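J.: sequence plus the predicted model coming up.
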Amino acid sequence: MLKYKTYTTEINNLKESGNFRELKNVSFNEGSEIEFSNKNYINFSGNDYLGIAGNKELSKLFIDNLTSVDLTSVSSRLLSGNEVSYLELENTLVDLYKRDSALVFSSGYHLNIGVIPAIALKGDLIISDKLNHASIVDGVRLSGADVFRFKHADLNKVDDYLTKNRSKYNNVWIITESVFSMDGDFTNLKKLVELKQNHSAFIYLDEAHGVGVLGDNGLGLAESEGLIKDVDILTGTFGKALASYGAFLVCDSVLNEYLINKTRTLIFTTALPPFQLKWTNNVLKHLPSMKYEREKLTELSAYLISELKNKGFNVVGNNHIISIIIGDSAKAVTVSESLLANGIFALAVRPPTVSVGTSRIRISLNANLTFENIDLFVDALKFDN
């Protein structure tokens, strides 16, 4: 139809470039399997890093011990939606992170697009890594602050910029992921803390892909580096390694009070259901004891990276997120379809999620995978490099 011409043209352009997306209907089985189109596949494209989503024993134990609880919420937290389960969950986070306060949000996206505009105001400066997640990018765009986006991981450039420009600004927020969602590498947190101290800045660390996986208790990169107290706002998600829904931040109490009053995505969003909050709290309390799963994940990651590099593939990532760079979008889709034909669910990631010319197969490992699963994946991965 003529009135949809703009949109049909764009759809056709996406199809021609190999960047057209469609929703896939799936269901999760026990362990690392996923059901798609009435067939079972080994799942290499989930964020269930610790295998909690497929842990039927843990979920059954939770249900068996659950007392009466409300399944829904029909108000924002600042009206009548702040059910006691929020307090219980936030107290657990405070105990784990040893910080003054915690604040739970409806999702990681809601958190970043709400908190960043609340803290970074006109007269402030945001320093942002160019590979930061889309939710950070959008939060930065919504802020009133000036922005300096630096080439991925080039912290020397950040140092130079702040040396020349710090005096022009009130507050400076250095914003970065801890584990980058597409390349799977880690930020240099020790260097960031040094920059913070030298230039009177704040650090905003998104631990979406670090929580559950890194640190003795699974609290993320900041814990593994012993730097939790040096991060001004540390955020994480419940929707990846913790197999739940929602997100959180930990910070000093003054920032917590400020954010409750200024964060639009907290003020104007319906609260999470109490049932969901209780499940998240249950998982969090098990997190410190899941050392075996974290060690297994590290071993699987090292093995896969070694096998892929030995076969000459272009690989980025150094732990549970590993990407095989293919380049062309259509070719990446073809490789993904070939893997599917061999019983492996590993999807292609294409622009605009990644830069043009860097389409890839992005692998998210799961502690329930086996070394035999890894061998099957490597053997099935065949294309001209």
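T.: Sure, I can see it. Numbers count the residues shown, from 1 in each chain.
J.: please count neighbours and contacts with C-alpha atoms only from this point.
T.: Will do.
J.: count the neighbours of the residue nearest to Thr370 when sequence neighbours are not counted for me.
T.: Among residues not flanking Thr370 along the chain, Leu300 sits closest, at 7.6 Å (Cα to Cα, 6 or more residues apart in numbering). By other Cα atoms under 10 Å, the residues close to Leu300 number 23.
J.: wait, doesn't Leu300 sit right on Asn373?
T.: No - the criterion here is Cα atoms under 8 Å, and Leu300 misses it with Asn373 at 9.8 Å.
J.: run through the stretch 51-200 of the chain and note the low-pLDDT ranges.
T.: Residues of the stretch 51-200 of the chain meeting the criterion pLDDT under 70: 70.
J.: that one: helices as residue ranges?
T.: 56-64, 84-97, 108-119, 134-142, 155-165, 189-199 (DSSP state H, counting those that start in this stretch).
J.: what backbone torsions are found at the nearest residue to Asn47 once chain neighbours are set aside?
T.: If the residues on either side of it in the chain are set aside, Asn47 comes closest to Lys240, at 4.8 Å by Cα to Cα, 6+ apart. With angles defined as degrees, to the nearest 10, Lys240 sits at phi -120, psi -100.
J.: now do the buried residues in stretch 255-273.
T.: 255-256, 259-260, 262-267, 269-273 (16 or more other Cα atoms under 10 Å).
J.: repeat that for stretch 10-19.
T.: Gly18, Asn19.
J.: what's the helix or strand for the residue nearest the centre of the chain?
T.: When Cα atoms, centre = their mean is applied to the chain, the residue found nearest the centroid is Ala208 (3.3 Å). Ala208 is part of no helix or strand, with elements assigned from DSSP states H and E.
J.: could you do the one 10 residues further on as well?
T.: Using DSSP H and E, Gly218 falls within no helix or strand.
J.: and the nearest residue to it once chain neighbours are set aside, what's its pLDDT?
T.: Counting by Cα to Cα, 6+ apart, the nearest residue to Gly218 once its immediate chain neighbours are dropped is Gly212, at 4.1 Å. Among the per-residue scores, Gly212 shows a pLDDT of 98.
J.: hmm, the residue nearest to the centre of the chain is touching Leu242, no?
T.: No - shown here, Ala208 and Leu242 do not form a contact pair, counting by Cα under 8 Å, at 10.3 Å.
J.: name the residues contacting each of those two.
T.: Shared contacts of Ala208 and Leu242, defined by Cα atoms under 8 Å, 6 or more residues apart in numbering, are absent.
J.: re the thing from before, of the buried residues of stretch 255-273, which is the nearest to Phe180?
T.: Thr265 (23.8 Å; Cα to Cα).
J.: now the closest one, nearest residue through space, not along the chain?
T.: Per Cα to Cα, 6+ apart, closest to Thr265 is Gly114, 5.0 Å.
J.: do I have it right that that neighbour meets Ile267?
T.: No - using Cα under 8 Å, Gly114 makes no contact with Ile267, being 9.5 Å away.
J.: re earlier: quick one, what contacts the residue nearest to Thr370?
T.: Leu365, Ala367, Leu369, Thr370, Phe371, Ile374.
J.: sorry, back to before: show me what contacts the residue nearest to Asn47?
T.: Asn47, Asp48, Tyr49, Ala208, His209.
J.: also Ala367?
T.: Tyr49, Leu50, Gly51, Glu293, Arg294, Lys296, Leu297, Leu300.
J.: may I have the phi/psi pair for the residue nearest to the centre of the chain?
T.: Dihedral angles (degrees, to the nearest 10) for Ala208: phi -50, psi -40.
J.: now it: how far from Lys15?
T.: Going from Ala208 to Lys15 by Cα to Cα, to the nearest Å gives 31 Å.
J.: and for Leu382, the neighbour number?
T.: Rather than Leu, residue 382 is Lys. So Lys382, with other Cα under 10 Å, has 13 neighbours.
J.: what secondary structure does it sit in?
T.: coil (DSSP: H, G, I helix; E, B strand; the rest coil).
J.: would you turn the helices of the stretch 51-200 of the chain into CSV with mean neighbour count and distance to Asn282?
T.: Shown next, in CSV, are those (neighbours: other Cα atoms under 10 Å; distance: least, Cα to Cα, whole Å):
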stretch, mean neighbour count, distance to Asn282
helix 56-64, 12, 7
helix 84-97, 18, 9
helix 108-119, 23, 19
helix 134-142, 18, 27
helix 155-165, 15, 38
helix 189-199, 17, 29
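J.: just tell me which of those helices ends up closest to Val349.
T.: Per Cα to Cα, nearest to Val349 of these: helix 134-142, 14.0 Å.
J.: which other helices and strands does that closest one contact?
T.: Here helix 134-142 touches helix 108-119, going by 3 or more Cα pairs under 8 Å, 6 or more residues apart in numbering; DSSP states H and E.
J.: list of residues touching the helix it packs on?
T.: Residues contacting helix 108-119 (Cα under 8 Å, 6+ apart): 105, 135-136, 138-140, 142-144, 208, 236-237, 246-248, 259, 262-266.
J.: and Thr67, how many neighbours?
T.: 7.
J.: that's all I had, so thanks and see you.
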